[in-house]
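Participant: Coordinates only, no sequence provided:
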């Protein structure tokens, strides 16, 4: 099959030459077919030496996907859901795109909010009620 570049988002395309693909035997039940065919697909992409990323993107991916990377900074993705190598290849490529895209997504900035006047009023009312309860609990002077 012809190797195709992987488009993650506009402005970021991982060249096919940077992705290593290995096929191996899938685990699990399946009878004779699974025992003789290599349908599991493993993709490896070396984030640390990739020319597709700028330094900012590289740092972001290395920090966000640290748990999924090897010590050398290689992102490994496996796919073995289907009985066909082609479908598993598509699934693995989709997972790789999804992981990288999610790692590069910037979280929304939190907009600071203020409590509403009604919530402030409720808080103060509850506070004064609690104070009254505690005050009436005190010993009575004889």
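Facilitator: Here it is on my side, so go on. It should be emphasised that the depicted structure is a prediction, and the values quoted were computed from it without experimental measurement. Numbers count the residues shown, from 1 in each chain.
Participant: what's the neighbour count on residue 142?
Facilitator: 3 (other Cβ atoms under 10 Å). From N, CA and C alone the C-beta is placed, and that goes for glycine too.
Participant: buried set for the helix or strand encompassing residue 88?
Facilitator: In the assignment (DSSP states H and E), residue 88 maps to helix 85-104. By 16 or more other Cβ atoms under 10 Å, the buried positions in helix 85-104 come out as 85, 88, 89, 91, 92, 93, 96, 97, 99, 100, 103, 104.
Participant: Surely residue 41 is within a strand?
Facilitator: Yes - per DSSP: H, G, I helix; E, B strand; the rest coil, residue 41 lies within a strand segment.
Participant: And the pLDDT for it?
Facilitator: Here the pLDDT value assigned to residue 41 is 92.
Participant: Mind listing residues that contact the lowest-mean-pLDDT helix or strand in the chain?
Facilitator: Every helix and strand of the chain was ranked by mean pLDDT, DSSP states H and E. The lowest is helix 32-36, at a mean of 74. Residues from elsewhere that reach helix 32-36, judged by Cβ atoms under 8 Å, 6 or more residues apart in numbering: 25, 26, 28, 83.
Participant: Verify the contact between the second one and residue 80 for me.
Facilitator: Right, residue 26. Yes - the pair formed by residue 26 and residue 80 meets the contact definition of Cβ atoms under 8 Å, at 4.2 Å.
Participant: what is in contact with these two at once?
Facilitator: 39, 40.
Participant: Looking at the two, which is more packed in?
Facilitator: Neighbours were counted for residue 26 and for residue 80 using other Cβ under 10 Å; residue 26 has more, 23 against 19.
Participant: Residue 124 belongs to a helix?
Facilitator: Yes - under three-state DSSP, residue 124 falls within a helix.
Participant: Endpoints of stretch 17-33, how far apart?
Facilitator: 31 Å (Cα to Cα, to the nearest Å).
Participant: Likewise for stretch 46-63?
Facilitator: 14 Å.
Participant: And the contacts of it?
Facilitator: 12-15, 18, 65, 69, 72-75, 100, 103-104.
Participant: Just the ones in helices from these, please.
Facilitator: Members of these lying in helices (criterion: DSSP state H): 100, 103, 104.
Participant: where does this protein dip in pLDDT?
Facilitator: 1-2, 30, 34 (pLDDT under 70).
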